[in-house]
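Enquirer: what follows is a protein structure lacking sequence information:
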C-alpha cells in the first residue's frame, strides 16, 4: 500500500484513516518468530500546520520458538507508534519512515520496519521457563528424574585429583 504524502500536504482534508492487512509469512523478520497469519495495521493521518501526524497501530500474531525449552507458542504483538512528518524530513537522505523520492510512503515497509523492532531477540514461552534438562534434553517441567549434579567425565577425574592434592 502506497500513500503520496505530498497530496496530503496539499489537500484540504484534515484527517484520514487507512486499514490494511499484510502477509509477512515469507519475510524473515526474526529467526524465532514466524508471522503466518495476516498482520493488521491501522494508519491514522492528521494534518496540522505544515506537518502530518501519523499514528500506526499494528496487531500481529507470531508462531514462536522458546529460547529455553524450544516449545512452539503463539505470541501477540499489539503496539502503536507515532510519527511526525514535515516536508523537510521527506527530503532527508535517510528519513525515519520509508519514503521514496516522490514523497510516497510505503505502508507495508513501515509496518515491517516497526514490527521487526518490536520482536525481542529472546522469546520465552513464559518468564519462568526452566529450559531443558542438561542430561536427557527433556523439558525441566516434566521432572525427568535425572540427577541434578551432572556426572563428571571419567577422563577428567585425574584433574579433580590434582585439585584435591593441592588442598
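Expert: That came through fine. On a predicted model such as this, the values are computed, not experimentally measured, just so you know.
Enquirer: what's near enough to touch the residue nearest the centre of the chain?
Expert: For the chain, the residue nearest the mean C-alpha position is residue 119 (1.7 Å; C-alpha atoms, centre = their mean). Neighbouring residues of residue 119 by C-beta atoms under 8 Å, 6 or more residues apart in numbering: 29-30, 33, 62, 77. All C-beta spots, glycine's among them, are computed from the backbone N, C-alpha and C.
Enquirer: what's the distance between it and residue 31?
Expert: When C-beta to C-beta, to the nearest Å is the yardstick, residue 119 and residue 31 sit 10 Å from each other.
Enquirer: who wins for neighbours among the contacts of residue 119?
Expert: The most crowded member of the contacts of residue 119 is residue 62, carrying 22 neighbours; neighbours defined as other C-beta atoms under 10 Å.
Enquirer: that one touches residue 38, doesn't it?
Expert: No. Between residue 62 and residue 38 there is no contact under C-beta atoms under 8 Å: 12.0 Å.
Enquirer: count residues in the vicinity of residue 87, would you?
Expert: Look at residue 87: counted by other C-beta under 10 Å, it has 13 neighbours.
Enquirer: break down the chain into its helices, ranges please.
Expert: Assigned helices in the chain, in chain order: 5-10, 87-90, 107-118, 157-166 (criterion: DSSP state H).
Enquirer: doesn't residue 130 make contact with residue 141?
Expert: Yes. Under the criterion of C-beta under 8 Å, residue 141 makes contact with residue 130 at 6.2 Å.
Enquirer: joint contacts of those two?
Expert: Residues touching both residue 141 and residue 130 (C-beta under 8 Å, 6+ apart): residue 69.
Enquirer: show me which of those two is the more surrounded one.
Expert: The neighbour comparison of residue 141 against residue 130 (other C-beta under 10 Å) goes to residue 141, with 15 against 11.
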